[in-house]
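*Asks:* Need a 3D model of the sequence below.
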Amino acid sequence: MADEGTVRVDLWIWSVRLLKTRSMATTACRGGHVRVNDERAKPSTAVKIGDEVRLRHDGRERIVVVQKIVRKRVGAAAAAECLIDKSPPPPPREALIPVGRRDRGAGRPTKRDRRELERLRALNSTLDRPPGS
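*Replies:* Next comes the predicted model:
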């Protein structure tokens, strides 16, 4: 790398523990889930101190500002010093649980269960429609 004050965005995201693996960071960049200063970022995009990095992962958007350049994965305490987290708070756990999911191992729904699910789906579809339609 020509400039010592920069590092690849995929490497930095992995180093500060925003994603679990380097390959996940690279895949997120290729998939368009990473933006640096509101520009779509390739895995090789260089980040420097002061850049804003936006990452969409697991239904949540993380917004961080680069404070330190790191090239190797660091501990959680050191990672917290490398960024300023401006992310909105995560949604409550109740909002993450999908409605109508069956417990694992519960087997197939009975006819009564299926009719209740169909009734709920029909109710939701009528609520989603605009008035007068």
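*Asks:* Go ahead and flag the most central residue of this protein.
*Replies:* In the chain, the C-alpha nearest the mean C-alpha coordinate belongs to H57, at 1.6 Å (C-alpha atoms, centre = their mean).
*Asks:* I'd assumed L19 was in contact with it.
*Replies:* Yes - H57 lies in contact with L19 (C-beta atoms under 8 Å); the separation is 6.5 Å. Where C-beta positions appear, they are placed from N, C-alpha and C, glycine not excepted.
*Asks:* Common neighbours of these two, please.
*Replies:* A28 (C-beta atoms under 8 Å, 6 or more residues apart in numbering).
*Asks:* For R119, what is the enclosing helix or strand?
*Replies:* R119 belongs to helix 111-128 when assigned by DSSP states H and E.
*Asks:* what's the offset of that helix from the middle of its chain?
*Replies:* Counting by C-alpha atoms, centre = their mean, to the nearest Å, helix 111-128 is centred 30 Å from the centre of its parent chain.
*Asks:* again, but for stretch 81-91
*Replies:* In terms of C-alpha atoms, centre = their mean, the centre of stretch 81-91 is set 12 Å apart from its chain centre.
*Asks:* and S87, how far is that from E61?
*Replies:* 7 Å (C-beta to C-beta, to the nearest Å).
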